[in-house]
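1. Next one to model:
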Amino acid sequence: MATESEFLDAYDPRAFPATAVTVDVVALTIRDGRLHVLLIERGEHPFAGKRALPGGFVREETLEEAARRELAEETGLTPEQPALQRVHLEQLGTFGDPGRDPRMRVVSVAYLAFAPSLPDPRSGGDATAAGWFPVDEVGSLAFDHGDIVAAGLERARSKLEYTPLATAFVGPEFTIAELRSVYSAVWGEDLHAGNFHRKVLSVPGFVESTGATTERGGERGGPRARLYRAGDARLLHPALLRPTSEDGVR
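-> The predicted model follows:
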């Protein structure tokens, strides 16, 4: 039997069908009370002129490094800047249907990114333009990116049910109303203020009071609102389930 070194010397990767690996990033943020996704306009074929998710081929780097690089290219932020360091990034899934890319067999590892207050994007790489688009106005996308966006939205909406991820969309100190606006934007639902307030405070470790209040009155000119910070919970129990009735939050 040949040694491993001899096997590698004789190994010919051209004997197998060519396959490439890319990353695509579903980057979500909230603007003007609506959930937005970052899209670019492709400047090269295939699908030149079509909107797509930011992404590209993986270089000599890890998959997460590739995802952060692609996100940095389109936002104009460097990995060292605090705004990019606050981005919550997680692997979403792998998309590898044989016909998803007309060039060759390309497997994409998709990532989901959450971040508050990301700046206006700038086009980088092979993109001619980039922008934030309301998730309900995305329209037709290149490749299978419509499916990837749908998967990212479902992941985001479900994670808000059982994790404190919504606190990534607000500042270090926030009101319950500000937290509710995150849930409303991501879920696409108007939530009952009183029900939401009681539900949040009933979840151990979700939020904790700072002991301070806002400088001005709360919603509708009411008294000053209490300020909270994220608690130490990693999972929400009981979970905040998406509304299925008129009460706003189950």
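2. right, and the helix or strand after the lengthiest helix in the chain?
-> In the chain, assigned by DSSP state H, the helix with the most residues is helix 145-162. Once helix 145-162 ends, the next helix or strand along the chain (criterion: DSSP states H and E) is helix 176-187.
3. Mind listing what's buried along that next one?
-> 176, 178, 179, 180, 181, 182, 183, 184, 185, 186, 187 (16 or more other Cβ atoms under 10 Å). All C-beta spots, glycine's among them, are computed from the backbone N, C-alpha and C.
4. do stretch 47-61 as well
-> Neighbour-count burial for stretch 47-61 [16+ other Cβ under 10 Å]: 47, 50, 51, 52, 53, 54, 55, 56, 58.
5. Okay, and residue 24 sits in which element?
-> For residue 24, the host element (DSSP H and E) is strand 19-31.
6. ok, and what's touching the helix or strand just after that strand?
-> Moving toward the C-terminus from strand 19-31, the next helix or strand (DSSP H and E) is strand 34-42. For strand 34-42, contacts defined as Cβ atoms under 8 Å, 6 or more residues apart in numbering pick out 25-30, 48-54, 71, 74-75, 118, 121, 123, 126-135, 138, 141-142, 149, 152, 185-186, 188.
7. Sitting in helices, which of the residues you listed do you find?
-> Per DSSP H, helices hold the following members of these: 71, 74, 75, 149, 152, 185, 186.
8. From the residues you listed, which one has the minimum pLDDT?
-> pLDDT across the ones in helices among the contacts of strand 34-42 is lowest for residue 75, at 75.
9. How is this protein divided into domains?
-> Listed domain ranges for the chain are 16-160, 163-230 (source: automatic domain parsing).
10. Residue 94 touches residue 110, doesn't it?
-> Yes - using Cβ atoms under 8 Å, residue 94 makes contact with residue 110 at a distance of 7.3 Å.
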